[in-house]
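*Asks:* Below: sequence and its predicted model.
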Amino acid sequence: MRTKQFAMALAICVILTGCTSEEPGSAAKGSKGTVRIAINPWVGYEASAAVLAYLLTHELGYKVETKELPEAESWEGFESGDIDVVVENWGHPELKKKFIEDKGVAVSAGLNGNKGVIGWYVPKWMADKYPDITGWQNLNKYAGLFKTAKSGTAGQVLDGDPSFVTNDEALVKNLNLNYKVVYAGSEDALIKAAKEATARKTPLLMYFYEPQWLFTEIKLAKINLPPYAIGCDASPKRVACDYPPYLLDKIVSKKFAGTGGSAYELVRNFVWSNDNQNAVANDMTNKGMSAEQAAKKWVEANKLIWKDWLPK
């Protein structure tokens, strides 16, 4: 679900290597062509894109262009020709219907191996101190703990970027919870809030997700919302259940799938674990590494994994 290091690093790459707007897989001097990857605003996505970009460049000889975009705008790039690849898609049945089924400008390139979880979380110390707080039926009992200047008399549910997949406003309304959804604005803001709430033992109820490197650093407790069942989220305004489990997949433009050659084969074959992604994301976020440096470190240590992604 988020830093800008990767896009900046690749922007420099574009300038230094003279990346142009060749068609994916087309002939270009010194390169097989250019692959355009959307960069959605969370660091786990950037980690996946960094490794793909590194392999496309150093193993297959392609150029890579990136563009920072919210999720929905990335899909519009399939139609305009600005985007070839979305590395990590979180469901979005409405976008699949529009761009895959109706317009026919995009196709699925298979699962990327990451298992996604979205939910509400509190710092572990809160679950220890208030053992029943993880049951959603008890949240109103504790609403006063979560009041902030932005939530007024209600408790606060802290969300991230408004463009992220979220049902939280509907959940608050449909579960009759005395809470207000407040948007922090970014993944970085959510992470900062979680760290501060853990270190200072201040109350926090937040939207969060996996895979995410932060779970390797601090402990959070998940709120047990009403169990997800197929179809319970069919109407966005009537959602009163937990988020579904997500098997994250890759989406590419139909044109790229047909003309992308070895680049498309690599994207299609790319499958890794949450732990793999978290390792690269952690290096990018906490170890002072650029996206390319973190990708290079992972690639050099994990040849047994990525060698099977390369075209035969």
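*Replies:* Perfect, thanks for sending it.
*Asks:* any idea which element the closest residue to Ser262 other than its chain neighbours lies in?
*Replies:* Among residues not flanking Ser262 along the chain, Pro311 sits closest, at 4.6 Å (C-beta to C-beta, 6 or more residues apart in numbering). Where you see a C-beta, it was placed from the backbone N, CA and C, and this is true even at glycine. Assessed by DSSP states H and E, Pro311 sits outside every helix and strand.
*Asks:* Pro311 reaches Ala263, doesn't it?
*Replies:* No - Pro311 is not in contact with Ala263 according to C-beta atoms under 8 Å; the separation is 9.0 Å.
*Asks:* which of those two has more neighbours?
*Replies:* Neighbour totals were compared for Pro311 and Ala263, and Ala263 leads with 28 against 13 (other C-beta atoms under 10 Å).
*Asks:* quick one: which helix or strand includes that one?
*Replies:* Counting by DSSP H and E, Ala263 is part of helix 261-269.
*Asks:* before we move on, the earlier item: determine the residues that are contacts of both of Pro311 and Ala263.
*Replies:* Leu60 (C-beta atoms under 8 Å, 6 or more residues apart in numbering).
*Asks:* Ile39 contacts Glu65, correct?
*Replies:* No - counting by C-beta under 8 Å, Ile39 sits too far from Glu65 to count as a contact (10.3 Å).
*Asks:* Comparing the two, which residue is more hemmed in?
*Replies:* Set Ile39 next to Glu65 and count neighbours by other C-beta under 10 Å: Ile39 wins out with 23 against 20.
*Asks:* ok, what's across the strand from that one?
*Replies:* Glu68 (DSSP bridges).
*Asks:* What pLDDT does the model give it?
*Replies:* Looking at Ile39, its pLDDT reads 97.
*Asks:* Flag every buried residue along the longest helix anywhere in the chain.
*Replies:* Criterion DSSP state H: the longest helix present in the chain is helix 43-58. Going by neighbour count (16 or more other C-beta atoms under 10 Å), the buried part of helix 43-58 is 43-57.
*Asks:* follow-up on the earlier one: for the residue nearest to Ser262, give its distance to Gly260.
*Replies:* From Pro311 across to Gly260, the span is 11 Å (C-beta to C-beta, to the nearest Å).
*Asks:* Equivalent analysis for Gln137, please.
*Replies:* 50 Å.
*Asks:* Pick out whichever of these two has more residues nearby.
*Replies:* The neighbour count for Gln137 versus Gly260, taken as other C-beta under 10 Å, is higher for Gly260 (26 against 11).
*Asks:* Would you check that the more buried one makes contact with Val267?
*Replies:* Yes - under the criterion of C-beta under 8 Å, Gly260 makes contact with Val267 at 7.4 Å.
*Asks:* can you tell me the helix or strand for Gly116?
*Replies:* Applying DSSP H and E, one finds Gly116 within strand 106-123.
*Asks:* And that strand, how far out from the chain middle?
*Replies:* 7 Å (C-alpha atoms, centre = their mean, to the nearest Å).
*Asks:* Tell me, how many residues neighbour Ala193?
*Replies:* With other C-beta under 10 Å as criterion, Ala193 counts 18.
*Asks:* hmm, I was thinking of Val271
*Replies:* Quick note: Val271 (other C-beta under 10 Å) scores 16 neighbours.
*Asks:* Not including adjacent chain positions, what is the nearest residue to it?
*Replies:* Counting by C-beta to C-beta, 6+ apart, the residue nearest Val271 is Gly113, at 3.9 Å.
*Asks:* Can you report how many residues lie near the one you found?
*Replies:* 19.
*Asks:* quick one: Lys96 is in a strand?
*Replies:* No - counting by DSSP: H, G, I helix; E, B strand; the rest coil, Lys96 falls outside a strand, being helix.
*Asks:* Could you number the chain from 763 rather than 1 from now on?
*Replies:* Right, with 763 as the first residue, what we last looked at is Lys858.
*Asks:* okay, now the domains of this structure?
*Replies:* 767-876+1009-1071, 878-1000 (automatic domain parsing).
*Asks:* So for the last one, first residue to last residue, what's the gap.
*Replies:* The one in question is domain 878-1000. 22 Å (C-alpha to C-alpha, to the nearest Å).
*Asks:* Quick one: mean pLDDT over that domain.
*Replies:* 97.
*Asks:* Run the chain-centre distance for it.
*Replies:* 17 Å.
*Asks:* The protein: helices as residue ranges?
*Replies:* Using DSSP H, helices in the chain cover 767-779, 805-820, 833-842, 855-857, 886-891, 930-936, 949-962, 1016-1021, 1023-1031, 1036-1048, 1053-1063, 1065-1068.
*Asks:* Just name the most buried of these.
*Replies:* Of the helices of the chain, the one with the most neighbours on average (mean count of other C-beta atoms under 10 Å) is helix 805-820, at a mean of 26.
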